[in-house]
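**Student:** Predicted model and sequence below, questions to follow.
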Amino acid sequence: MTFRAELPSALADALRAAAGAAYPNECCGLLEGMRTGNVFHVQALHPARNLAARSDRFEIDAADHIAAQKAARANGRTIIGCYHSHPDGAARPSDTDGLGAAQDDFLWLIVAGQELGCFVYRDSGFQGCVTGAD
Ligand SMILES: [Zn+2]
């Protein structure tokens with residue numbers, strides 16, 4: 001199965017800008033949108049506080065998570081995924097990301113510099129995901 005993420009270029013630019021602003025720490029947040037079959041339509045970003053004590057980790061503030069869910073629901077959408085940056089790493093999930101991932105069929109966007117990695121967590125692992133602007 002191939003997953004695809006439709007990410008408007010304005011949102012991709014906003015992700016890169018958020019990663020740059022948070023550097024050398026990780027930025028993190030949630031992705032609002034809709035899922036149709038294997039396609040994730042990303043329609044809004046919800047930046048969240050990063051509660052992680054270390055700069056190379058992220059932990060989304062639970063209150064921010066709830067606020068994002070409410071905002072998405074008010075727009076008739078849901079939270080379909082999350083994003084964070086790897087300030088000096090690669091745009092792919094780290095071992096720690098695997099340990100922290102829990103929700104199946106959840107989209108993960110990882111920003112490293114100008115690179116944007118896209119993955120879907122499912123069956124205890126990350127699967128590659130094709131990105132396209134729509
Ligand atoms: Zn990570």
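**Tutor:** Structure received. None of these values were measured; they are calculated from a predicted model. Residues are numbered from 1 along each chain as shown.
**Student:** Please tell me I have it right and Gly81 contacts Ala44.
**Tutor:** No - using Cβ atoms under 8 Å, Gly81 is not in contact with Ala44, being 11.6 Å away. For every residue, glycine as well, the C-beta is placed using N, CA and C.
**Student:** Pull up the overlap in contacts between these two.
**Tutor:** In the contact map built from Cβ atoms under 8 Å, 6 or more residues apart in numbering, the residues linked to both Gly81 and Ala44 are 31, 33.
**Student:** out of the two, which sits in the busier spot?
**Tutor:** Gly81 (25 against 17; other Cβ atoms under 10 Å).
**Student:** How about the residues of this protein by the ion?
**Tutor:** Counting by Cβ under 5 Å from the ion, the positions of the chain adjacent to the ion are 94, 97.
**Student:** so Arg49 sits right up against Asp64, yeah?
**Tutor:** Yes - the criterion here is Cβ under 8 Å, and Arg49 meets it with Asp64 at 5.6 Å.
**Student:** of the two, who's got more company?
**Tutor:** Taking neighbours as other Cβ under 10 Å, Arg49 and Asp64 compare with Asp64 leading, 18 against 14.
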